[in-house]
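S.K.: pasting the sequence and the predicted model now:
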Amino acid sequence: MVSSDFASPWQCPLCGAPLEGAAPLRCAAGHSFDRAKEGYWHLLPVQKMRTHSPGDSKEMVAARRAFLEGDYYGSFGRALGVLCLKEGQSAFPGQPVKLLDAGCGEGWYDRCIAAAFAKAEQPLALAGFDIAKPAVRLAARALPGAEYAVASSFHQPVRTGWADLVVNIFSPFAREEFLRVLRPGGKLIYAVPGPEHLYEMKAVLYDTPYKNPVQQVEYPGFRAVGEQLVEDRITVPASQLAALFAMTPYYWRTPRDGAQRLSALESLTTQISFRFLVFEREG
């Protein structure tokens, strides 16, 4: 179950001091942040925003939510929930695992994680952030026991050492910030595409499809402690193909004729593949 009775994970994005309170959040320097009616905080200062509305648009967020709620990636969500149960250990026995989702999107994976903890009757303190406000708004509505904020991965408004476990699903890898917000001995689960993820879709988009490289990357300050490959095959109807396409990096670099071939399909059966890489914070 997700507990709403835990200390705020947030720190002031302007001065770095701890934020306290319920509504609004305040730091000792007097900076104040109101809570949106949907239940999230906006902790992305204007000077850190490159555009007026950073991140995915409202339409892209809605399309992704519809696709994910169709359970096409259900095997990934369930595997992630089980993996978080295994790797998430509180620094204090009997206390909730403090889990941070860095780049949470609209919170679908968080709901999978919360369901796994609830089934196991294990307490969970979950916080998440994303740079896209439309996504965070949906996440906060769907999982009101969690803490959500609009924020950047590279300027995380999260207290130093707060997290027992950080989850990063296809989002920017902010190594220095992950090291800061994780407690010593805490774990990081980093999801990357497996070698044949969406291979049949790439065969439609490109004349010469390619497999994703399997890389073993070292990140200073982290020790690799595990890896899990999760694979499945899905059939996506035409009504959801555009949403799936928009969720991928191919959306931005596919020639027009490739995109037209995809849009002409009545359905697509394709391999899906995630690599869940597990790291432990050293020190």
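M.R.: It's in.

S.K.: when you work out contacts or count neighbours from here on, use the C-alpha atoms and nothing else.
M.R.: OK.

S.K.: number of nearby residues for the nearest residue to residue 45 once chain neighbours are set aside?
M.R.: Taking CA to CA, 6 or more residues apart in numbering as the measure, residue 45 lies nearest to residue 13, with 6.9 Å between them; neighbours along the chain are not counted. The local packing count at residue 13 equals 21, with neighbours defined by other CA atoms under 10 Å.

S.K.: equivalent analysis for the one 10 residues further on, please.
M.R.: Residues within reach of residue 23, counting by other CA under 10 Å, total 13.

S.K.: how about the one 4 residues further on?
M.R.: Neighbouring residues of residue 27 were enumerated by other CA under 10 Å; the total is 20.

S.K.: quick one, what contacts the nearest residue to it once chain neighbours are set aside?
M.R.: Take residue 27 and drop its neighbours on the chain: the residue closest to it by CA to CA, 6+ apart is residue 19, 4.7 Å away. With CA atoms under 8 Å, 6 or more residues apart in numbering as the criterion, the residues that contact residue 19 are 8, 10, 11, 12, 25, 26, 27, 28.

S.K.: pretty sure the second one is touching residue 158, no?
M.R.: Read it as residue 10. Yes: the pair residue 10 and residue 158 qualifies as a contact (CA atoms under 8 Å) at a distance of 4.5 Å.

S.K.: which one of these two has more residues nearby?
M.R.: In this view residue 10 and residue 158 are compared by other CA under 10 Å, and residue 158 has more residues nearby, 30 against 25.

S.K.: roughly how far is the host helix or strand of residue 79 from the heart of the chain?
M.R.: Residue 79 belongs to helix 74-87 when elements are defined using DSSP states H and E. The gap between the average C-alpha position of helix 74-87 and the chain average comes to 13 Å, counting by CA atoms, centre = their mean, to the nearest Å.

S.K.: stretch 165-184 now?
M.R.: Average the C-alpha atoms of stretch 165-184, do the same for its chain, and the two points are 11 Å apart (CA atoms, centre = their mean).

S.K.: helices and strands of the protein: which one bottoms out on pLDDT?
M.R.: With mean pLDDT, DSSP states H and E as the measure, the helix or strand of the chain carrying the lowest mean pLDDT is helix 58-69 (a mean of 89).

S.K.: for that one, packing partners?
M.R.: Contacts defined by 3 or more CA pairs under 8 Å, 6 or more residues apart in numbering; DSSP states H and E place helix 58-69 against helix 108-119, helix 133-142, helix 238-246.

S.K.: and among those, the most buried is which?
M.R.: Neighbour counts averaged per stretch over those are highest for helix 133-142, at a mean of 23; criterion: mean count of other CA atoms under 10 Å.

S.K.: how near is the nearest residue to residue 63 once chain neighbours are set aside to residue 278?
M.R.: Using CA to CA, 6+ apart and skipping residues adjacent in sequence, the residue nearest residue 63 is residue 243, 5.1 Å away. Residue 243 sits at a distance of 29 Å from residue 278 (criterion: CA to CA, to the nearest Å).

S.K.: with residue 31 instead?
M.R.: Remark: distance between residue 31 and residue 278 (CA to CA) = 36 Å.

S.K.: show me where the stretch 1-150 of the chain dips below the pLDDT cut-off.
M.R.: For the stretch 1-150 of the chain, residues meeting the criterion pLDDT under 70 lie at 1, 3-6, 47-55.
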